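In: Structure for this input, please:
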Amino acid sequence: LDTAAIDAALGVKGYFDEEIYKCTYVRRETIADGHLMLPPGLGATTSANFQPLGGGRAALSGDLVMTAQEVQPALVALRRGGAELVEVHHHNLTDDPRLFFVHYWAVGDAVRLSKGLRRAVDTTNVVPMSGGAG
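Out: Next up, the predicted model:
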């Protein structure tokens with residue numbers, strides 16, 4: 001994989017976890033679940049996982065975290081970027097802001113998929129996760 005080009009396209013520094021190249025973002029706002037404030041990244045991350053297939057191709061899967069008003073723009077951007085949508089769901093009962101997640105996957109040129117994914121990420125209020133782990 002051309003990880004430098006993937007990083008440039010996504011605007012985040014990824015890392016290898018065994019053979020999977022991972023990129024992670026966290027929500028900008030503070031997330032509460034009931035009376036608890038969740039640390040950045042705990043249950044509120046966007047992730048992109050690239051499994052190299054050879055020749056610059058990858059299987060891409062991940063999870064995009066969104067607020068209600070971000071759902072439709074993010075889903076449209078994912079589809080336009082070549083991703084298949086697996087499911088939309090939420091994790092918590094009392095989170096604030098209310099967060100939704102979409103699982104997605106795609107197979108193709110890793111850099112092209114990264115550029116499409118970036119358009120979806122840019123519809124959401126996230127920043128690269130410091131330390132690169134999620």
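
In: Tell me who's in contact with the residue of the chain most remote from its centre.
Out: Distance to the chain centre peaks in the chain at His35, reaching 26.5 Å (criterion: C-alpha atoms, centre = their mean). With C-beta atoms under 8 Å, 6 or more residues apart in numbering as the criterion, no residue contacts His35. Placement of C-beta: from N, CA and C, glycine included.

In: which stretches of this protein form strands?
Out: With DSSP state E as the definition, the chain shows strands at residue ranges 15-17, 20-27, 31-33, 36-38, 45-54, 57-66, 84-89, 95-96, 100-109, 126-128.

In: Determine which of these approaches Ala77 most closely.
Out: Shortest distance between Ala77 and those, using C-beta to C-beta, is found for strand 57-66: 9.3 Å.

In: quick one on the thing from earlier: could you pull up phi and psi at the residue farthest from the centre of the chain?
Out: Here is the backbone geometry of His35 (degrees, to the nearest 10): phi -90, psi 0.

In: what residue ranges in this protein score low on pLDDT?
Out: In the predicted model of the chain, residues 130-134 satisfy pLDDT under 70.

In: switch the cut-off to 50
Out: 133-134 (pLDDT under 50).

In: Can you point out the buried residues in stretch 107-123?
Out: When burial is assessed from 16 or more other C-beta atoms under 10 Å, stretch 107-123 yields the following buried residues: 107-108, 110-118, 120-121, 123.

In: tell me which of these is nearest to Val71?
Out: Proximity of those to Val71, judged by C-beta to C-beta, is greatest for Thr123, which lies at 9.2 Å.

In: hmm, back to that, can I get the strands of the chain in CSV with distance to Ala77?
Out: Supplementary listing: the strands of the chain in CSV, determined by distance: least, C-beta to C-beta, whole Å:
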stretch, distance to Ala77
strand 15-17, 24
strand 20-27, 14
strand 31-33, 22
strand 36-38, 26
strand 45-54, 12
strand 57-66, 9
strand 84-89, 11
strand 95-96, 23
strand 100-109, 10
strand 126-128, 13
